[in-house]
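> just a sequence and a predicted model for now, questions to come.
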Amino acid sequence: MLNFWQPINLDMVFHQWGTKNAAKGRGPWWPKSVGQAAMENAIKMVKDEKNCSKICQKTIEEYQQRLLKRKIINERGTAFTEMQKFENWTVSDV
């Protein structure tokens, strides 16, 4: 249960399972069409300015700035290079 009387930093993702499952390795769904192939397709779509609206582009830019601020990427890195590592994931359909 969340502590709603405590301040919540909305720059972070809060998930009931966290990313602890990533330490156990990728699940059986990862090699299927809903796993890495779907992630690669999503990245490809948002990289293409024809498919990524102004709001989409702004969201990617905000994400990149937050990655920089949290020192997850450096000045040479981008939101896309971070996403293409396929390292930071969590089960989100719970």
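That came in fine, so what should we check first?
> please, where are all the helices along this protein?
Secondary structure of the chain (DSSP state H): helices at 20-23, 36-47, 54-69, 79-83.
> ok, now how distant is the residue lying closest to residue 83 once chain neighbours are set aside from residue 60?
With CB to CB, 6 or more residues apart in numbering as the criterion, residue 83 has its nearest non-adjacent residue at 5.4 Å, and that residue is residue 43. The C-beta positions use only the backbone N, C-alpha and C, and glycine is treated the same way. Going from residue 43 to residue 60 by CB to CB, to the nearest Å gives 10 Å.
> list residues touching both of the two?
Here residue 43 and residue 60 have residue 80 as joint contacts, going by CB atoms under 8 Å, 6 or more residues apart in numbering.
> and the nearest residue to residue 67 once chain neighbours are set aside, what pLDDT?
What sits nearest to residue 67 in space, not counting adjacent residues and going by CB to CB, 6+ apart, is residue 73, at 4.5 Å. Predicted confidence (pLDDT) for residue 73: 91.
> count the residues that sit near residue 73.
17 (other CB atoms under 10 Å).
> quick one on the thing from earlier: tell me which of the helices of the chain is the most buried.
Burial of the helices of the chain is given as mean neighbour count (mean count of other CB atoms under 10 Å); helix 79-83 ranks first at a mean of 17.
> elements contacting it?
Applying 3 or more CB pairs under 8 Å, 6 or more residues apart in numbering; DSSP states H and E, one finds that helix 79-83 contacts helix 36-47, helix 54-69.
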